[in-house]
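**Q** sequence and predicted model, in that order:
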There are 2 protein chains.
Amino acid sequence: MQRLPGYTYGTPLVPQSPVSLREFEWMKATAMFTDEDVRYLRMSLAILADQTAEIVEKWYEFVGSQPQLIRYYSTPAGMPLQDYLARTFARFQQWIIDTAEANYDQDWLNYQYEIGLRHHHTKKNRTDAAPALPHIHYRYMVPLIYPIVATLKPFLARKGHSPEEVEKMWEAWLKAVLLSVALWSQPYVKPGEF
Amino acid sequence: MQRLPGYTYGTPLVPQSPVSLREFEWMKATAMFTDEDVRYLRMSLAILADQTAEIVEKWYEFVGSQPQLIRYYSTPAGMPLQDYLARTFARFQQWIIDTAEANYDQDWLNYQYEIGLRHHHTKKNRTDAAPALPHIHYRYMVPLIYPIVATLKPFLARKGHSPEEVEKMWEAWLKAVLLSVALWSQPYVKPGEF
Ligand code: HEM
Ligand code: HEM
């Protein structure tokens, strides 16, 4: 099978997460994330699978409209990098699938570490050899959760599911994104404080 | 006027936020937070003002049921500290009011810095001279956003507002809590990475 460029999920290229599966269980409990959420995420998979390009387009429209965000996809002089945008676009689509599959195993946990490193200066730009700003400032990570999940809602409602099901799927997504961003924070946080 | 013990909002005891109001405007834009959200937060003020004790009770029930959380209100040996819980209970109620008032000025911004420091080892326990664990680990901060906002929804719906209004108030709350937690992260993040 052809791999997406730069998508290393499940391969030996991904480092071991510094967070253990047991610690992650406590984080899940903190977000009230249960097996019911796993079921609703998986219900969303069939709905979202053929809409990922459209969803990521909406996210990119938003990011492109925000000067404080698009600069991270740009050179230090402020020139947006189309290749970089295109390559992360495809991995973003894949991330929707991976999140909806909701397999919270060691491979998933390790790849969350990798995604955190790719936002942080440790690994940003490396995957795509992009000459972009070297680090995404943490102050935007948590606020961006809102546009990410708000964009999803109409897509979840498009395939005739009941309002209750749409709501449950959306809440499962909100929890899943909170948990992912929490894991992605690890490289930013001072030693011992995470 | 009698001040709540340890509630120093707007006083010279609160340090200056390292984040400027201008930087905070960019964070707001990232969360799609607009003047409409300010209006809906203020609409929620009249609804929530006489329900704050009941809301904080629900939060405490949840935190009390979670061993990974209640330990931060406990001695290192695991004994929950009732005085500490009671004193933060009152400031939690006040926080609901302050968030619903939505006055995003320098005093508000400075107090967010103070709240961040009170979760971080810099200032945890100091305000109440509590012999509790000295630091709240960052890994729980972002996941706890879900229970905080999920608990609010039924309270927002209790005073006869339309489902659309309840939804809009709730979304404004979600954005406001994401923005607050983003600011509270600052003391945890490595220098230059926030
Ligand atoms: C809720 C917060 C966020 C989510 C859910 C998210 C999601 C993602 C995903 C899924 C990827 C691809 C991961 C991979 O390589 O497989 C990615 C990469 C990237 N994201 Fe984010 N992101 C968030 C916050 C941000 C923010 C605030 C920015 C600032 C503009 C940003 C800019 C980028 C960039 C530039 C890349 C490419 C990084 C690289 O060089 O490898 N992201 N993001
Ligand atoms: C969405 C995340 C959170 C919110 C909205 C929140 C809210 C608050 C508020 C409003 C206060 C009182 C601030 C003041 O002194 O005026 C507070 C203090 C406190 N919170 Fe949180 N909190 C969050 C995360 C957590 C977590 C994960 C824990 C872990 C159990 C925690 C434990 C505490 C403790 C122990 C205090 C007292 C700190 C001190 O010694 O001054 N909080 N929180």
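**A** In hand now; what should we look at? Numbers count the residues shown, from 1 in each chain, chains lettered A, B, ... in the order given. Ligands and ions are numbered 1, 2, ... in the order given.
**Q** model confidence over the host helix or strand of residue A:39, on average?
**A** According to DSSP states H and E, residue A:39 maps onto helix A:35-48. For helix A:35-48, mean pLDDT rounds to 98.
**Q** show me what it is packed up against.
**A** Judged by 3 or more Cβ pairs under 8 Å, 6 or more residues apart in numbering or on different chains; DSSP states H and E, the packing partners of helix A:35-48 are helix A:82-101, helix A:145-156, helix A:163-184. Using the backbone N, CA and C atoms, a C-beta is placed for each residue, glycine as well.
**Q** any idea of the angle the first one forms with helix A:145-156?
**A** The reference is to helix A:82-101. 70 degrees (axes from the mean of the first three to the mean of the last three Cα atoms, to 10 degrees).
**Q** let's see helix A:82-101 as CSV, backbone CA atoms only.
**A** This file holds the C-alpha atoms of helix A:82-101, laid out as CSV (Å, rounded to 0.1, in the frame of the first residue of the first chain):
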residue,chain,number,x,y,z
GLN,A,82,1.8,25.8,-1.1
ASP,A,83,3.6,22.5,-1.0
TYR,A,84,3.7,22.5,2.8
LEU,A,85,0.0,23.2,2.9
ALA,A,86,-0.8,20.5,0.4
ARG,A,87,1.2,17.8,2.2
THR,A,88,-0.3,18.6,5.6
PHE,A,89,-3.7,18.7,4.0
ALA,A,90,-3.5,15.0,3.2
ARG,A,91,-2.3,14.1,6.7
PHE,A,92,-5.1,16.1,8.1
GLN,A,93,-7.6,14.0,6.2
GLN,A,94,-6.0,10.9,7.5
TRP,A,95,-6.2,12.3,11.0
ILE,A,96,-10.0,12.5,10.7
ILE,A,97,-10.1,8.8,9.8
ASP,A,98,-7.6,7.8,12.6
THR,A,99,-9.6,9.8,15.2
ALA,A,100,-12.9,8.3,14.1
GLU,A,101,-11.4,4.8,14.2
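**Q** hmm, who's touching it?
**A** Residues from elsewhere that reach helix A:82-101, judged by Cβ atoms under 8 Å, 6 or more residues apart in numbering or on different chains: A:4-7, A:9, A:41-42, A:44-45, A:48-49, A:52-53, A:55-56, A:59-60, A:73, A:108, A:111, A:115, A:125, A:127-128, A:130, A:132, A:173, A:176-177, A:180.
**Q** that one versus helix A:163-184: what angle between them?
**A** Going by the same axes, to 10 degrees, helix A:82-101 makes 120 degrees with helix A:163-184.
**Q** okay, buried residues for the helix or strand that helix A:82-101 is followed by please.
**A** Moving toward the C-terminus from helix A:82-101, the first helix or strand encountered (DSSP H and E) is helix A:106-119. Residues of helix A:106-119 classed as buried: A:108, A:109, A:110, A:111, A:112, A:113, A:114, A:115, A:116, A:117, A:118, A:119 (neighbour count, 16 or more other Cβ atoms under 10 Å in any protein chain shown).
**Q** just those now: which is nearest ligand 1?
**A** residue A:118 (3.6 Å; Cβ to the nearest ligand atom).
**Q** wait, what's in contact with the closest one?
**A** A:124, A:126, A:127.
**Q** and stretch A:131-149, how far out from the chain middle?
**A** 11 Å (Cα atoms, centre = their mean, to the nearest Å).
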